[in-house]
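In: Next come a sequence and a model predicted from it.
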Amino acid sequence: MSLVFHNPVLLKEVLEYAALEKAQYILDGTLGGGGHARAILSDFPSIKLIGFDHDKEALEVAQNNLENFKGRAILVQQNFGEAKNVLAELGISQVDTILLDLGISSHQIDTAPRGFSFDKESSLDMRMNQSQEVNATSLVNSASEKTLAMIFKNFGEEPRAKRIASYIIREREKQKILTTTQLKILVKKACMTDDIKPVVRIFQALRIVVNKELENLSLFLKDVISLLRIGGRFLCISYHSLEDRAVKTFMRDNARSCVCPPHYPVCVCNTKAALSIITRKPITPHEDEIKNNRRSRSAKLRVCERIA
Ligand SMILES: C[S@@+](CC[C@H](N)C(=O)[O-])C[C@H]1O[C@@H](n2cnc3c(N)ncnc32)[C@H](O)[C@@H]1O
């Protein structure tokens with residue numbers, strides 16, 4: 001029996017763009033509940049999948065959901081930034097397809113004690129990997145005002161970052177900030193508004209930093225080309241502009257066939273493009289998908305192919 005954990009986003013599009021007909025190995029860096037993995041393994045019976053998730057609960061659910069594919073799925077509780085080392089230990093140097101479906105799963109958002117949601121009263125946690133030390137409580141109660149303001153501005157794109165940081169510092173001297181509700185109320189008070197948008201941005205910023213989301217993505221992107229066989233594809237679904245920008249820049253930079261300064265009359269760098277971009281513009285969910293799964297609304301899928 002499959003456990004509903006997370007509705008795989010842009011599933012039809014992933015299956016269409018992954019070019020899996022002749023593929024032998026696929027690396028799924030973000031298993032979640034194994035929704036994408038399950039569809040791939042059942043539609044392509046000769047594929048083997050190596051799946052990663054650093055969340056223990058996600059891995060347990062994925063294991064359950066992929067039980068029928070035991071001999072074809074290797075599931076690892078590990079950061080996808082370690083994929084290259086893990087694959088080397090398995091004796092696999094390259095794969096045909098790489099899939100990243102970034103961010104958090106519905107299960108993580110909906111499970112109150114995980115502390116990701118401002119709608120659910122819980123301790124302020126937000127760790128995807130529950131064995132790591134830093135969580136949102138330690139961050140909010142120990143970071144300096146300057147650091148908090150930088151986090152809110154850079155990772156939440158919050159215009160009132162400084163004001164919120166200074167309010168938090170003042171309030172935490174009176175009482176430690178321990179719960180999602182406490183933080184939600186403080187942010188609203190700092191902004192003197194009942195609008196939920198600043199709360200959304202502050203929660204997003206803390207989540208990104210607690211889980212080192214952009215660092216992990218950038219670590220992984222460094223290995224993507226060497227992990228892909230020539231002709232293999234990399235598909236990445238992102239949910240906020242910071243991730244999408246990193247993926248877009250990575251694909252664009254590696255699809256360049258000349259990096260000479262623009263005023264050079266002829267090319268002297270002899271750079272060869274390593275990637276070809278398959279999706280000039282990101283693919284976004286159709287209205288129907290958004291209607292059925294509101295959480296898919298900010299998804300953007302970008303695809304490229306290794307050519308050299
Ligand atoms: C949006 S969900 C993936 C859902 C999945 N595609 C499905 O169909 O069920 C993202 C998952 O990636 C995991 N994740 C995020 N960053 C990770 C990282 N650096 N390493 C390993 N797993 C990560 C999260 O724990 C979460 O379970």
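Out: Ah, there it is. Residues are numbered from 1 along each chain as shown.

In: Now stretch 21-41: buried residues?
Out: 23, 25-38, 40-41 (16 or more other C-beta atoms under 10 Å). All C-beta atoms are positioned from the backbone trio N, CA, C, and that covers glycine.

In: Narrow those residues to those in helices?
Out: 35-38, 40-41 (DSSP state H).

In: so which of the residues you listed comes closest to the ligand?
Out: Ranked by distance to the ligand (C-beta to the nearest ligand atom), those are led by Gly35 at 2.7 Å.

In: Quick check: that closest one touching Pro8?
Out: Yes: counting by C-beta atoms under 8 Å, Gly35 touches Pro8, with 3.2 Å between them.

In: Does Ala165 belong to a helix, a strand or coil?
Out: helix (DSSP: H, G, I helix; E, B strand; the rest coil).

In: For it, give its distance to Gln78.
Out: Separation of Ala165 from Gln78 (C-beta to C-beta, to the nearest Å): 33 Å.

In: Counting neighbours, go ahead and name the busier of the two.
Out: Ala165 (25 against 17; other C-beta atoms under 10 Å).

In: List the contacts of the more buried one.
Out: Contact analysis of Ala165 by C-beta atoms under 8 Å, 6 or more residues apart in numbering lists 145-146, 148-149, 152.

In: Those residues in helices, which ones?
Out: 145-146, 148-149, 152.

In: Any of these buried? List them.
Out: Buried among the ones in helices among the contacts of Ala165 (16+ other C-beta under 10 Å): 148-149, 152.

In: Any chance of TSV for the residues you listed, columns distance to His286 and pLDDT?
Out: Listed next are those as TSV, based on distance: C-beta to C-beta, whole Å; pLDDT from 0 to 100:
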residue	distance to His286	pLDDT
Leu148	39	98
Ala149	39	98
Phe152	33	98
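
In: hang on, Val268 packs against Pro261?
Out: No: Val268 is beyond contact range of Pro261, at 9.8 Å (criterion: C-beta under 8 Å).

In: from the middle of its chain, how far away would the helix-or-strand element of the chain with minimal mean pLDDT be?
Out: Using mean pLDDT, DSSP states H and E, the weakest-scoring helix or strand in the chain turns out to be helix 106-110, at a mean of 85. On the basis of C-alpha atoms, centre = their mean, to the nearest Å, helix 106-110 sits 14 Å off its chain's mean C-alpha point.

In: Can you name every helix or strand that the following helix or strand past that helix contacts?
Out: Going down the chain from helix 106-110, the next helix or strand is helix 136-142, by DSSP states H and E. Counting contacts by 3 or more C-beta pairs under 8 Å, 6 or more residues apart in numbering; DSSP states H and E, helix 136-142 is packed against helix 161-174, helix 197-210.

In: Compare the ones you listed and give me the one nearest the ligand.
Out: Of all the helices and strands packed on helix 136-142, helix 197-210 sits nearest to the ligand, with 10.3 Å by C-beta to the nearest ligand atom.

In: What mean pLDDT does the closest one get?
Out: Across helix 197-210, the average pLDDT comes to 97.
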